[in-house]
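Q: structure for the following, please:
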Amino acid sequence: MKRIFRSALLAAMCLSLFAAPAEAAYKKEYKLSVVPGATSGWGLSGTYFAELVKERTNGRINIKVYHGAQLMAGKQTSELLLVRNGSIDFALASTINWSPQVKQLNLTALPFFVANNPDRYKAMDAITSGKSGKMLIAAVEKTKVKFIGWGENGFRELTTSKGPIAKPADMTGMKLRVCGTPIFADIFTALGSNPQAINWSEAVTGFQQGIVDGQENPTNGINIPLQIWTWHKYHADWHYMIDPLLLTANQKVWKEFSAEDQKILMECAKEMEKYSKALSRLGFDDGSSLAYLKSINKVPAVSDPYKAMADKGMTVVKFTPEMIKEFYTATQSVRDKWTKEIGEDLVKAAEADMKAAQ
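A: The predicted model follows:
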């Protein structure tokens, strides 16, 4: 009888384990890393994703967003390693910051590669949804990090305390803050300027102290929330590269979620992508971004970036296709060099994707 009782008890315990809800093993809080501040378009996108996940999982998955590169002590290029080793659970990461470890992510940093198309936003969407986008995802996932979805930090424009900038010769000798990734140094050196690799956490100090003459960043995503006009009165609307964002997760953490919750996370990532793109494109597209943001009641305080910059005394030079071509020609050697680094197959796939979207 004792033997029968023990067997029955053991069977009951096993059944109770299998019946336990999957979320019982979930962490109380998951960390999501974002490099810039909470009010940036990038920061708002990370917060939006976390809010959607908490709502749609009924609180089973609670994500806390850490803005300002807090989880990496300000060193933004170490983020991939920290996600991979589990120190960070999720990251809404820049392709730029992860490109030192994943060379293929330099694709959209090829100078004027995307902007030298009839519609730069169609060209960018063609990459993320096309064959080249799948190749980028595969390259990221080879690092043992789970790709969840795309976001967008926007086309990167140039702001300076000297200017205006309308042709490559206007940049000669300028000290310009850039990200600490090699392709940036090559681009700005080719254009005759003096690139200064400064972490974003230290960049504002550089502007305040006049260590640099300018910087490059997306208008809606960084420049307007930062109130860049405080230091820089000139804006070159040249769209020289775009900064797609990667929503990623630590692979072990991802596998711990139930299939149902993985599906919810992917759906939330799709919603975040629409929101993120709308924030970066607001005021620069055909009005569809504004319409979308109105539909979800999330229109930011500044919905007309050109007016906002003009009201603050900035001189904005809007590049024509002819002006872009002049800079495109001046940076041909950079594209040639980095096409080999990135992989000719990937670059050709991206060119085909963009051409098909025209």
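Q: residue 151 should be in a helix, yeah?
A: No: counting by DSSP: H, G, I helix; E, B strand; the rest coil, residue 151 is not found in a helix; it is strand.
Q: who does the residue nearest to it when sequence neighbours are not counted bridge with?
A: Excluding its sequence neighbours, the residue lying closest to residue 151 (Cβ to Cβ, 6 or more residues apart in numbering) is residue 245, at 3.3 Å. Just so you know, the C-beta spots here come from the backbone N, C-alpha and C atoms, and that holds for glycine as well. When assigned by DSSP bridges, residue 245 has beta-bridge partners residue 94, residue 151.
Q: wait, doesn't residue 245 sit right on residue 44?
A: No: taking Cβ atoms under 8 Å as the definition, residue 245 is not a contact partner of residue 44, at 11.8 Å.
Q: ok, those two, which is more surrounded?
A: residue 245 (30 against 23; other Cβ atoms under 10 Å).
Q: which residues sit in contact with the more buried one?
A: 42, 45, 92-95, 150-153, 276 (Cβ atoms under 8 Å, 6 or more residues apart in numbering).
Q: state the distance from it to residue 205.
A: 25 Å (Cβ to Cβ, to the nearest Å).
Q: on that earlier part again, find me the pLDDT at the residue nearest to residue 151, would you?
A: On the pLDDT scale, residue 245 is placed at 98.
Q: distance of it from residue 152?
A: Distance of residue 245 to residue 152, given as Cβ to Cβ: 6 Å.
Q: repeat that for residue 321.
A: Distance from residue 321 to residue 152, by Cβ to Cβ: 22 Å.
Q: next: residue 135.
A: In terms of Cβ to Cβ, residue 135 sits 19 Å off from residue 152.
Q: and those two? Which one has more around it.
A: Just comparing residue 135 and residue 152: by other Cβ under 10 Å the higher neighbour count belongs to residue 152, 28 against 17.
Q: so the more buried one makes contact with residue 282?
A: No: Residue 152 is beyond contact range of residue 282, at 11.2 Å (criterion: Cβ under 8 Å).
Q: tell me which element residue 236 is part of?
A: Residue 236 belongs to strand 234-250 when assigned by DSSP states H and E.
Q: can you check which residues contact both of residue 245 and residue 152?
A: Joint contacts of residue 245 and residue 152 (Cβ under 8 Å, 6+ apart) are residue 276.
Q: which parts of stretch 276-294 are buried?
A: By 16 or more other Cβ atoms under 10 Å, the buried positions in stretch 276-294 come out as 276-284, 289-290, 292-293.
Q: done for today, thanks.
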